[in-house]
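1. With the sequence up front, the predicted model follows.
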Amino acid sequence: MTQTKSFKELVQHHVATDPAFAEALLREAIEVMLKGDVETGKAILRDYIKATVGFEQLGAATELPPKSLIRMFGPSGNPQAKNLFSVIGYLQDRAGLELKVAKARRAG
């Protein structure tokens with residue numbers, strides 16, 4: 001019988017082993033949040049954090065308690081903008097990214 005991995009384990013494996021996938025996942029998390037789907041964005045960021053920096057190191061870097069960060073990115077979490085932007089800023093710096101908001105071009 002073939003043993004299968006959970007989807008979250010698969011995502012975490014790809015983030016840890018494929019830098020392009022990790023970058024795409026971080027970008028996607030932020031983009032969906034900016035489009036108004038905060039719940040999906042939080043879930044993606046939670047998986048990204050677990051697969052990269054971890055909540056302990058993230059807490060030390062952002063001066064936010066790790067348990068608060070875990071709750072913040074949980075299903076019922078409601079992050080304050082200040083804390084969310086602190087986390088996103090740290091994650092993009094750590095990944096070597098500079099994400100910008102740009103006006104979308106409309107088709108035809």
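-> Right, received. Where do you want to start? Note that the coordinates shown come from a computational prediction; the quantities given were computed from them, not determined experimentally. Residues are numbered from 1 along each chain as shown.
2. before we move on, which element is L97 in?
-> L97 belongs to no helix or strand when assigned by DSSP states H and E.
3. Next one: the nearest residue to it once chain neighbours are set aside from E39, what distance?
-> Distances taken as CB to CB, 6 or more residues apart in numbering put E23 closest to L97, at 6.4 Å, once the chain neighbours are dropped. C-beta: built from backbone N, CA, C; applies to glycine. Using CB to CB, to the nearest Å, E23 is found at 22 Å from E39.
4. related to what we said a few turns ago, got the phi/psi numbers for the residue nearest to L97?
-> Backbone torsions of E23, given as degrees, to the nearest 10, read phi -60, psi -40.
5. Looking at E23 and E39, which one has more neighbours?
-> Counting neighbours by other CB atoms under 10 Å for E23 and for E39 shows that E23 has the greater number, 17 against 13.
6. wait, isn't the residue nearest to L97 in contact with R94?
-> No. E23 is beyond contact range of R94, at 11.3 Å (criterion: CB atoms under 8 Å).
7. what secondary structure does the residue positioned nearest the centre of the chain sit in?
-> In the chain, the centroid-proximal residue (CA atoms, centre = their mean) is L45; its distance is 2.0 Å. On the three-state scheme (DSSP: H, G, I helix; E, B strand; the rest coil), L45 is labelled helix.
8. Against Q92, how distant is the nearest residue to it once chain neighbours are set aside?
-> Of all residues not flanking L45 in the chain, A29 sits nearest, at 4.5 Å (CB to CB, 6+ apart). As judged by CB to CB, A29 and Q92 stand 11 Å apart.
9. again with V38
-> 18 Å.
10. quick one: contacts of the lowest-mean-pLDDT helix or strand in the chain?
-> Here the helix or strand of the chain ranked lowest by mean pLDDT, DSSP states H and E is helix 7-17, holding a mean of 81. With CB atoms under 8 Å, 6 or more residues apart in numbering as the test, helix 7-17 has contacts from K5, F21, A22, L25, D47, Y48, K50, A51, T52.
11. what's the burial count for the fourth one?
-> By the criterion of other CB under 10 Å, L25 has 21 neighbours.
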